[in-house]
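In: I'd like to go over a predicted model; first the sequence, then the structure.
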Amino acid sequence: MTALAPTDGLGPWRQFLCRACGLIYDEGEGDPDSGLAPGTRFEDIAEDWACPICGVTKSDFEPYQRRASVAPAPVPLVRQRRPGVVIVGAGVAGWSVAAAIRAEDAEVPITLVTACSGDVYHKPELSVALGRGMSPDTLRRESGATAAARLGLHLMPDTVAVGLSPDRHRLRTTRGTLAYTQLVLAHGARAALPACLDPTLCWRVNDLAAWSALHAELRRAPRTVAVIGAGMVGCELAEDLTRAGHGVTLIGAGTLPLPELLPGKAGLRLLAGLERLGVRYRADTLVTGLSRRPDGHVTLALSDGGVLDAATVVAATGLATPSRLVRGAGLAFERGIVVDRPTLRTSRPDIFALGDCISIDGQPCRYIEPVARQAEAIAHAIVGRAHPGYAHAAPVIRLKTRSAPVELHGIPVPGAPWHVIEDTERRLAMEQRHDGGITAWLAA
């Protein structure tokens, strides 16, 4: 979309970043789907306007300044022989760091290695797309080839990184060995599947390719769907599938959804919202096995001795950072690639990491919002320019369940006490105090 030139005398269009999902509101482009015409200034937006992706309101947006890209040098038809920056991963993190580097340097060679096609999309949309009638084409914002040409980089799609030699500055891939001056690991995390779940009998929705295949199965007619796991992704998918017309059973290990994040009172409200929509919740239950029936449906064996039949099974059983590549290279790893907070450097000075694959102070950092700031810090370090460094802070976590929206300001610490405060006019507020305090609330 090409934004109109400002004519209101208030200066150039500004951008604002959603602290929950990373969406950027551009004043020049507006948000036509929400009734905001191109050219709508941020201060003119109603306070109850909601982010079109995750639903947080205006107060959870912050000013964002995206640097204009320097015109990239043309990419030669043959592979660039001079070592440059190699990026592993073409998700939000990979493309963000590529754009940030190119904004600072038009000539440094950049090679982006990805196991997929490299197409650009906004990952938080995957858990709301079915209910909104979206297709793979509408989710795909730009093809990998087009994005590579725009940024002047060499894209290696359908290529897997299989070995890393930090001392020799070499990355071994399924399409040959690449030399690098700096390496950026942005390969994300993959769906974690318990051994009892046959991967051929259940879907894991963690990228556009997997979502597209699930979309193809579900678009023919309404189906019975079992969603295993009542965490954030499981709850979001259960609601989205129900809104798309499917009959959904959500299976949770706890009495209520999100037991590790929400106190009981909030969990009850979330469950009530999902059930009003039509989601059936199977509580205090684990799935111990899957088997295919003659009619093609899947039987789920449950830990309480019962069984459940479904036409489609979706597993939302968490994420795990692949470790073979980095452990084999001797990089520090603790639930993710260990990085230095301000610089995002790994335990090797010429290797950086960002996004879902990293851990900070032993905690995975699997949120979209910090990625743009992480990419900017890495880009400045790579080109040798001064930068204050990445300032890590707990992001706003927004559960995209419109039936009962949930916001978490900060990340709850398991085992810490919750104190529940009623506010019948606006929201149920929940406050947890430890080391300065964490606040979360469930919107009324």
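Out: Received it, and whenever you're ready, just let me know what you need. The structure displayed is predicted, hence computed values, not measured ones.
In: Can you show me the helices along the protein?
Out: Listed from the start of the chain, the chain has helices (DSSP state H) covering 92-104, 136-139, 144-151, 208-218, 232-243, 264-277, 324-328, 371-383.
In: who's in contact with the nearest residue to Ser96 once chain neighbours are set aside?
Out: Across the structure, with CB to CB, 6 or more residues apart in numbering as the measure, the residue nearest Ser96 apart from its sequence neighbours is Ala375 (4.0 Å). C-betas here are computed from N, CA, C, even on glycine. For Ala375, the set of contacting residues under the criterion of CB atoms under 8 Å, 6 or more residues apart in numbering consists of 93, 96-97, 99-100, 354.
In: May I ask which of those residues has the most neighbours?
Out: Ranked by neighbour count (other CB atoms under 10 Å), the contacts of Ala375 have Val97 at the top, with 32 neighbours.
In: follow-up on the earlier one: ok, which of the helices of the chain comes nearest Pro342?
Out: Counting by CB to CB, Pro342 lies closest to helix 371-383 out of these; the figure is 6.9 Å.
In: what about the strands in the stretch 151-300 of the chain?
Out: Using DSSP state E, counting those that start in this stretch, the strands assigned to the stretch 151-300 of the chain run over residues 154-156, 161-165, 170-173, 176-185, 190-191, 224-228, 247-251, 280-282, 287-292, 298-302.
In: Select, out of the ones you listed, the one closest to Asp105.
Out: Comparison of these against Asp105 by CB to CB identifies strand 176-185 as nearest, at 11.6 Å.
In: now the closest one against helix 92-104, angle please.
Out: The directions of strand 176-185 and helix 92-104 differ by 90 degrees, with axes from the mean of the first three to the mean of the last three CA atoms, to 10 degrees as the criterion.
In: relative orientation of strand 176-185 and helix 371-383 in degrees?
Out: Strand 176-185 runs at 120 degrees relative to helix 371-383, counting by the same axes, to 10 degrees.
In: Within its sheet, name the partner strands of strand 176-185 and how each one runs.
Out: According to DSSP bridges, strand 176-185 forms sheet pairs with strand 84-88 (parallel), strand 170-173 (antiparallel), strand 351-353 (parallel).
In: Mind listing residues that contact it?
Out: Contacts of strand 176-185 from elsewhere in the structure, counted by CB under 8 Å, 6+ apart, are 83-89, 94, 97, 111, 113, 164, 169-172, 326, 337, 346, 350-354, 357, 378, 382.
In: For the residue nearest to Ala238 when sequence neighbours are not counted, name its beta-bridge partners.
Out: Distances taken as CB to CB, 6+ apart put Leu250 closest to Ala238, at 4.3 Å, once the chain neighbours are dropped. With DSSP bridges as the criterion, the beta-bridge partners of Leu250 are Val227, Tyr281.
In: what's the offset of stretch 111-124 from the middle of its chain?
Out: Put simply, stretch 111-124 sits 12 Å off its chain's centre (CA atoms, centre = their mean, to the nearest Å).
In: Now do stretch 158-177: distance from first to last residue.
Out: For stretch 158-177, the first-to-last residue distance is 15 Å (CA to CA, to the nearest Å).
In: any idea of the mean pLDDT for that stretch?
Out: pLDDT averaged over stretch 158-177 equals 95, rounded to a whole number.
In: do the same with stretch 98-105
Out: For stretch 98-105, mean pLDDT rounds to 96.
In: same thing with stretch 345-361?
Out: Per-residue confidence for stretch 345-361 averages out to 95 on the pLDDT scale.
In: OK, contacts around His169?
Out: With contact taken as CB under 8 Å, 6+ apart, His169 is in contact with 83, 179-181, 183, 350.
In: and it, how far is that from Thr285?
Out: 50 Å (CB to CB, to the nearest Å).
In: try Asp33
Out: Asp33 sits 38 Å away from Thr285, going by CB to CB.
In: Which one's more surrounded, these two?
Out: The neighbour comparison of Asp33 against Thr285 (other CB under 10 Å) goes to Thr285, with 20 against 8.
In: okay but the more buried one is in contact with Asp304, surely?
Out: Yes: Thr285 sits in contact with Asp304 when judged by CB atoms under 8 Å, with a separation of 5.5 Å.
In: okay, now Gly330: neighbour count?
Out: The number of residues packed near Gly330 is 13, by other CB under 10 Å.
In: residues near the closest residue to it other than its chain neighbours, how many?
Out: Counting by CB to CB, 6+ apart, the nearest residue to Gly330 once its immediate chain neighbours are dropped is Pro166, at 6.9 Å. Residues near Pro166, counting by other CB under 10 Å, number 19.
In: Ramachandran coordinates for Pro166?
Out: Geometry field for Pro166 lists phi and psi as phi -60, psi -40, criterion degrees, to the nearest 10.
In: That one contacts Ile351, doesn't it?
Out: Yes: at 6.4 Å, Pro166 and Ile351 qualify as touching, with contact defined as CB under 8 Å.
In: what do the two both touch?
Out: Taking CB under 8 Å, 6+ apart as the contact rule, Pro166 and Ile351 both touch Leu331.
In: Of the strands paired with strand 176-185, flag the one that's most buried.
Out: Neighbour counts averaged per stretch over those are highest for strand 351-353, at a mean of 28; criterion: mean count of other CB atoms under 10 Å.
In: what comes into contact with that one?
Out: Among residues not part of strand 351-353, those counted as contacts by CB under 8 Å, 6+ apart are 97, 166, 182-186, 331, 337, 339, 343-346, 378, 381-382.
In: quick one, which of the strands of the stretch 151-300 of the chain is nearest to Leu208?
Out: Taking CB to CB, strand 190-191 is the member of the strands of the stretch 151-300 of the chain nearest to Leu208, at 13.9 Å.
In: so what does that closest one touch, helix or strand wise?
Out: With contacts taken as 3 or more CB pairs under 8 Å, 6 or more residues apart in numbering; DSSP states H and E, strand 190-191 sits against strand 319-320.
In: what does the strand it packs on contact?
Out: When contacts are defined by CB under 8 Å, 6+ apart, strand 319-320 is touched by residues 189-192, 206, 356, 364, 366.
In: which of those has the most neighbours?
Out: Most neighbours among the contacts of strand 319-320, by other CB under 10 Å: Asp356, with 25 neighbours.
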